[in-house]
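A.B. asks: task: produce atomic coordinates for the following.
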Amino acid sequence: MIKFFLATEYPTFSTTTEGYKVIEKQGNEFQKLLWGENGLEERLSSVNTHNFEGNIDLVLFEFYLNPIDNLAIKIDKKPIDYRQNEKALGIRISITNDNFFNLKEDKIKLLLGLMIEKVNLLNDFIKSKKIEFNVVSFRNFLVEIK
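C.D. replies: Residues are numbered from 1 along each chain as shown. Model (predicted):
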């Protein structure tokens, strides 16, 4: 199963009413991409992670909109986590104006591209934790969605 988590940060530079409106608009736009009609959740709802030859029950993509500096550093240092009791992989992705909102390309394609970038980091992680999961098949599946 593939699921999504979304967290919106309110950095100090956005304490003005206008700043909050921009962040709220970005959050609403992003929610529609994930959970709206023909959003990623709908497109991925039939996927069983066991199709990727492993013992992973859940792949959770964790999106952080405009993370504050401390959180962004943590995401960059540790973008992937494994929760053994839940048999779940957590993949953290920072979404910012520079890598998403200010770009003119198709937003679903951009989002999938960011997801694939992080999935490309899974091979070494999977090997180090001795987790059974076919990263190549999972990556190829995401590429085909584009």
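A.B. asks: so where does Phe125 fall, helix or strand?
C.D. replies: Element membership for Phe125 (DSSP states H and E) is helix 122-129.
A.B. asks: who touches that helix?
C.D. replies: Helix 122-129 is contacted from outside by 80, 82, 89, 91, 131, 133, 135, 138-139, using Cβ atoms under 8 Å, 6 or more residues apart in numbering. Every residue, glycine included, has its C-beta placed from N, CA and C.
A.B. asks: okay, those residues in TSV with distance to Lys118 and secondary structure next?
C.D. replies: Below are these laid out as TSV (distance: Cβ to Cβ, whole Å; DSSP: H, G, I helix; E, B strand; the rest coil):
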residue	distance to Lys118	secondary structure
Ile80	7	strand
Tyr82	14	strand
Leu89	10	strand
Ile91	5	strand
Ile131	16	coil
Phe133	14	coil
Val135	11	helix
Phe138	11	helix
Arg139	10	helix
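A.B. asks: of these, which pair is most distant in space?
C.D. replies: Taking Cβ to Cβ, the two most distant members of the contacts of helix 122-129 are Tyr82 and Arg139; they sit 17.4 Å apart.
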